[in-house]
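Enquirer: Fold the following, please.
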Amino acid sequence: MAKSSTQKWIINGVLVIVTLSFLGLSIAPLITSIFNRSQPEVNVPKESKTAEAEKIKIQIEGFEAVLKREPKNETALKGLIDLRLKLRDFQGAIEPLQVLADANPQVPQYRKILARLRLELKDRTGAIAEYQKILTTNPGELESLQTLVSLEMEDQKPEAAIGLLDKALETADTANKVQPNSVDKPAILWILGNVYTEQKRFPEAIATYDKIATENPKDFRPFVGKAQIKRLEGKEAEAKTLFTEAAKLAPAEFKDRVNELAANNQVKPSTSQTNQVPNQPPVAKPDQPVPTPSP
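Expert: Below you'll find the model as predicted:
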């Protein structure tokens, strides 16, 4: 049962991929798994691989020696993390990354990579805890919020997902007074509207999209959301009209995507597409170099 729910939530491109793209988040990891072990390897001589592995081992030992003297040396921590990720030693990267994330709560990227590693290692509870820590420090961090919502939906807990979003909205005004524009309310409303649409709670979804329009009458997303609902209801003519209006209002970088949606009237999930998208929400790539903290 849980597997069916997971497939339904992830495969529904109208509600997931569009959500991410309209939030301004990267959707590339949705298309190609960042942990895809089936990719063909470059043909490298065995001797070269052995020499490279030996070189990395020596570098790791050097960073470990530094950390014995200075456990919070960030240069050594980042170097050790990078090398262990190169070796795909995800478990070995957890400890130094945890230290780095705890020392730099203002850099959510560290904790997002940590959360993604925990998901890869099947530590779902630990991953959720990391995302929650990010939102405690950065309540407007959309990628982490979207990921938690996706995880709740995968677990067939739509009310929990809605609760996360409602809480974010309740604290948004206060957070924005403390730090202007730190929480993007329309973006959170967009995610909430998508969740209601997924649950076929159309009146609540429409009311949520209307709130986006109240925040910004020129926002194209309410029209997209309502068009999706009309299409789900079988009202294609009304859907096309709404998509047309959305395309008029959409920024240049989103016009093509809106037009693609308008042209594609297949809105129901198809289990035949299961293998085309990974079964985790898009988050930071753990095999990328660890970002440098801002001054």
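Enquirer: gap between residue 131 and residue 108?
Expert: Using Cβ to Cβ, to the nearest Å, one gets 10 Å for the distance from residue 131 to residue 108. To be clear about C-beta, it is placed using only N, CA and C from the backbone, and glycine gets the same treatment.
Enquirer: Equivalent analysis for residue 222, please.
Expert: Distance from residue 222 to residue 108, by Cβ to Cβ: 28 Å.
Enquirer: neighbour count winner among those two?
Expert: Neighbour totals were compared for residue 222 and residue 108, and residue 222 leads with 27 against 22 (other Cβ atoms under 10 Å).
Enquirer: Distance check, the residue nearest to the more buried one when sequence neighbours are not counted against residue 194.
Expert: Nearest residue to residue 222, sequence neighbours excluded (Cβ to Cβ, 6 or more residues apart in numbering): residue 209, at 4.0 Å. In this view, residue 209 and residue 194 are 10 Å apart by Cβ to Cβ.
Enquirer: Also residue 214?
Expert: 18 Å.
Enquirer: Settle it for me: which of these two has more neighbours?
Expert: residue 194 (28 against 12).
Enquirer: Regarding the more buried one, which helix or strand does it belong to?
Expert: helix 185-198 (DSSP states H and E).
Enquirer: Now for the residue nearest to residue 222: which residues touch it?
Expert: Applying Cβ atoms under 8 Å, 6 or more residues apart in numbering to residue 209 gives the contacts 189, 190, 193, 221, 222, 225, 226.
Enquirer: so what's the third one scoring on pLDDT?
Expert: The per-residue pLDDT reported for residue 193 equals 96.
Enquirer: isn't it right up against residue 208?
Expert: Yes. Under the criterion of Cβ atoms under 8 Å, residue 193 makes contact with residue 208 at 4.0 Å.
Enquirer: shared neighbours of those two, which are they?
Expert: residue 225.
Enquirer: Compare these two and say which one has the larger neighbour count.
Expert: Ranked by neighbour count (other Cβ under 10 Å), residue 193 and residue 208 place residue 193 first, with 30 against 24.
Enquirer: how about the more buried one, what does it touch?
Expert: Residue 193 neighbours (Cβ under 8 Å, 6+ apart): 205, 208, 209, 212, 225.
Enquirer: and residue 264, how many residues sit next to it?
Expert: 11.
Enquirer: Just the buried residues of stretch 213-227, please?
Expert: 213, 219, 220, 221, 222, 223, 224, 225, 226, 227 (16 or more other Cβ atoms under 10 Å).
Enquirer: what does stretch 106-121 give?
Expert: 107-120.
Enquirer: related to what we said a few turns ago, any shared contact partners between residue 131 and residue 108?
Expert: residue 144.
Enquirer: follow-up on the earlier one: closest one of the contacts of residue 209 to residue 265?
Expert: Relative to residue 265, the closest of the contacts of residue 209 is residue 226; by Cβ to Cβ it sits at 15.4 Å.
Enquirer: That closest one: helix or strand, and which one exactly?
Expert: Using DSSP H and E, residue 226 falls in helix 221-232.
Enquirer: quick one: that helix to chain centroid distance?
Expert: Centre-to-centre, helix 221-232 and its host chain are 22 Å apart (Cα atoms, centre = their mean, to the nearest Å).
Enquirer: With stretch 196-214 instead?
Expert: Worked out by Cα atoms, centre = their mean, stretch 196-214 lies 21 Å from the chain centre.
Enquirer: about what we covered before: downstream neighbour of the helix holding residue 194 in the secondary structure list?
Expert: helix 202-215.
Enquirer: Mind exporting the C-alpha coordinates of that next one to PDB?
Expert: Extracted C-alpha coordinates of helix 202-215, given in PDB (Å, rounded to 0.1, in the frame of the first residue of the first chain):
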ATOM      1  CA  PHE A 202     -10.500  20.800  -4.900                       C
ATOM      2  CA  PRO A 203     -12.400  23.600  -3.000                       C
ATOM      3  CA  GLU A 204      -9.600  23.800  -0.500                       C
ATOM      4  CA  ALA A 205      -7.000  23.800  -3.300                       C
ATOM      5  CA  ILE A 206      -8.800  26.600  -5.100                       C
ATOM      6  CA  ALA A 207      -9.100  28.600  -1.900                       C
ATOM      7  CA  THR A 208      -5.300  28.200  -1.400                       C
ATOM      8  CA  TYR A 209      -4.500  29.300  -4.900                       C
ATOM      9  CA  ASP A 210      -6.700  32.300  -4.400                       C
ATOM     10  CA  LYS A 211      -4.600  33.300  -1.400                       C
ATOM     11  CA  ILE A 212      -1.600  33.400  -3.800                       C
ATOM     12  CA  ALA A 213      -3.500  35.700  -6.100                       C
ATOM     13  CA  THR A 214      -4.200  37.900  -3.000                       C
ATOM     14  CA  GLU A 215      -0.500  38.100  -2.200                       C
END
